[in-house]
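Peer 1: With the input below, show me the fold.
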Amino acid sequence: MQEAGAGTLLEAALTRENLQAAWKRVKANKGAAGVDGLDIEQTHRLLQTTWPQIRQELLAGKYRPAPVRRVMIPKPDGSQRELGIPTVTDRLIQQALLQVLQPLAQQRHAAQQCAAGRLLRPVGRTPPLMTSSARTARCGPACRVVWEGFSRQ
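Peer 2: Predicted coordinates:
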């Protein structure tokens, strides 16, 4: 079952302008080829012919990303960690979706968090144990920032 508005978000992610911006980001990040072995330029040439089919699969909910290529990355302590590298096509799709979803998530959570990590509480909801050293400042119509006082010893 599709969520309300999900089709609209996917369509927004697949607009020409958004895909061009996503491609610029993917290209700027460089990165290695995925399991298909295609680098950025090879993928660019391939997408010129395959993109209409990929787009239809995405819109129909039938697209399946390729498996990620696993590589081992050395850690400072001498051990290694596994890293998964998606194909350039899958990175493009991920970036296009991110560019549409991230601003929505930031708007949704703006009333719950603050860039400085301060606690936001709904207006009118004072915790029962708020000390007299706590100060508040309004940051919008429905929330306020609460700084809890700390004593230095």
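Peer 1: Could you pull out the strands in the chain for me?
Peer 2: Chain-ordered strands for the chain, with DSSP state E as the definition, fall at 69-74, 80-85, 119-122, 135-140, 143-147.
Peer 1: Point out the other helices and strands that the first one packs with.
Peer 2: For strand 69-74, the contact count by 3 or more C-beta pairs under 8 Å, 6 or more residues apart in numbering; DSSP states H and E identifies strand 80-85 as packing neighbours. Every residue, glycine included, has its C-beta placed from N, CA and C.
Peer 1: May I see the buried residues of the strand it packs on?
Peer 2: Using 16 or more other C-beta atoms under 10 Å as the test for burial, strand 80-85 gives I85.
Peer 1: what's the domain layout of the protein?
Peer 2: Domain ranges of the chain: 6-109, 114-153, per automatic domain parsing.
Peer 1: Just the mean pLDDT for the longest one, thanks.
Peer 2: In other words, domain 6-109. Averaged over domain 6-109, pLDDT sits at 93.
Peer 1: any idea how far P86 lies from L58?
Peer 2: Relative to L58, P86 is positioned 15 Å away (C-beta to C-beta, to the nearest Å).
Peer 1: Also L19?
Peer 2: 11 Å.
Peer 1: same thing with V26?
Peer 2: Taking C-beta to C-beta as the measure, V26 and L58 are separated by 16 Å.
Peer 1: Looking only at neighbour counts, state which of these two leads.
Peer 2: For V26 versus L58, the count of surrounding residues by other C-beta atoms under 10 Å is larger for V26: 22 against 17.
Peer 1: residues touching that one, list them.
Peer 2: Residues near V26 by C-beta atoms under 8 Å, 6 or more residues apart in numbering: 40, 88, 91-92, 95.
Peer 1: Also V88?
Peer 2: If you count contacts by C-beta under 8 Å, 6+ apart, V88 has them with 26, 31, 33-34, 38-40, 43.
Peer 1: now swap in L97 and tell me
Peer 2: Contacts of L97 were listed using C-beta under 8 Å, 6+ apart, and they are 10, 13.
Peer 1: switch the cut-off to 10 Å
Peer 2: Each residue near L97 by C-beta atoms under 10 Å, 6 or more residues apart in numbering is listed here: 9-10, 12-14, 18, 22, 58.
Peer 1: Out of those, which end up buried?
Peer 2: When burial is judged by neighbour count using 16+ other C-beta under 10 Å, the buried members of the contacts of L97 are 10, 12-14, 18, 22, 58.
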